[in-house]
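Undergrad: One predicted model, sequence on top.
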Amino acid sequence: MIELDITLSVSDLYDFNLKHAYSKPSSIIASALGAVGIVYGISVHYFILVIVGAMLLFYLPVNLYISCFRRFTLGETFKAPLHYILNEDGITVRQGGQENFAPWSDVTKAGSSGRSIFLYTGVGNASILPKAQMGDRTTAVIALVSEHVDPKKVKIRV
């Protein structure tokens, strides 16, 4: 059994949203087109193309940050720490007197970024576990997830 107390920040939420957004081909294509538009616009001195390219390239990350900031400051979900219990049965999350349990079979995907591990337990529902807050328990969490979640669903990089 592994117990973690996690207090999410705007940057943790932003990291999750960036990873989620840039896992879609449309986001990657829009960013690539934006970068090409900027480079080509500069090379041919056609600055409207530079502006359009910059909008394509920077719209998604800026919009995601604003959205995360709003959600973080206006919502009550992220103000109190989350207490995670990961054991042989699944994941229990406690916060402010409420408790949710998800068996390992409900984990649809386990992924990571350089900063965090993400455990998806439904559409639009994921547990964000920042590696900095897990400390030396990160390896144990990865081992527990890898043991109980279908290997095809686990894409965690250390």
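TA: Ah, there it is.
Undergrad: Run a quick neighbour tally on L119.
TA: 27 (other Cβ atoms under 10 Å). Backbone N, C-alpha and C define where each C-beta goes, glycine included.
Undergrad: does D5 sit in a helix or strand, and which one?
TA: Here D5, judged by DSSP states H and E, is contained in strand 2-6.
Undergrad: How about residues contacting that strand?
TA: 81-87, 128-130, 133-134, 137, 140-141, 144 (Cβ atoms under 8 Å, 6 or more residues apart in numbering).
Undergrad: Also stretch 74-84?
TA: 2-8, 13, 71-72, 91-96, 127, 129.
Undergrad: Which of those are buried? Put it as a ChimeraX command.
TA: Buried subset of the contacts of stretch 74-84, written as a ChimeraX selection, criterion 16 or more other Cβ atoms under 10 Å:
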select :4,6,8,13,72,91,92,93,94,95,127,129
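Undergrad: distance between the ends of stretch 121-139?
TA: 21 Å (Cα to Cα, to the nearest Å).
Undergrad: Which parts of the protein are helices?
TA: 10-21, 25-43, 47-74, 131-134, 138-148 (DSSP state H).
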